[in-house]
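> Provide a 3D model corresponding to the input given below.
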Amino acid sequence: MIDARGHFVMPGFIEGHGHFSGLGFSLVNLNFLNDRSWEAIIAKVEERAGNTPKAHGLRAGAGIRKNGTACR
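Numbers count the residues shown, from 1 in each chain. This is a model prediction of the structure:
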């Protein structure tokens, strides 16, 4: 605690922040950014599907557009 002796003190804020949910999702989402073929993408999906309980489902992250084309 600082005694300002009755003077007004305005705290300084450094606006550094993190998107922790985004970081968490990036760790569990499938990432296809470095994949160069549909076969590589399918292999990742099949591997993850084999290791994921059905109730949890799969999440595709970076690398696939909503129309199904790969981002490059």
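> What ranges does the protein have for its helices?
Here the chain has its helices, by DSSP state H, at 20-28, 38-50.
> Can you convert those into CSV and add a column each for mean neighbour count, distance to Ile2 and mean pLDDT?
Placement of C-beta: from N, CA and C, glycine included. Formatted as CSV, the helices of the chain follow (neighbours: other Cβ atoms under 10 Å; distance: least, Cβ to Cβ, whole Å; pLDDT from 0 to 100):
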stretch, mean neighbour count, distance to Ile2, mean pLDDT
helix 20-28, 10, 30, 81
helix 38-50, 12, 52, 88
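> Output those in JSON lines; the columns should cover distance to Leu58.
Listed next are the helices of the chain as JSON lines, based on distance: least, Cβ to Cβ, whole Å:
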{"stretch": "helix 20-28", "distance to Leu58": "9"}
{"stretch": "helix 38-50", "distance to Leu58": "6"}
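> Of all those, which one is nearest Gly6?
In terms of Cβ to Cβ, the element of the helices of the chain nearest to Gly6 is helix 20-28, at 39.1 Å.
> send the alpha carbons of the closest one over as PDB?
Presented in PDB, the C-alpha positions along helix 20-28 are these (Å, rounded to 0.1, in the frame of the first residue of the first chain):
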ATOM      1  CA  PHE A  20      -6.500 -17.800 -23.100                       C
ATOM      2  CA  SER A  21      -9.400 -19.600 -24.600                       C
ATOM      3  CA  GLY A  22      -7.900 -19.200 -28.000                       C
ATOM      4  CA  LEU A  23      -4.700 -20.600 -26.800                       C
ATOM      5  CA  GLY A  24      -6.500 -23.600 -25.300                       C
ATOM      6  CA  PHE A  25      -8.500 -24.200 -28.400                       C
ATOM      7  CA  SER A  26      -5.300 -24.100 -30.500                       C
ATOM      8  CA  LEU A  27      -3.900 -26.900 -28.400                       C
ATOM      9  CA  VAL A  28      -6.900 -29.200 -29.000                       C
END
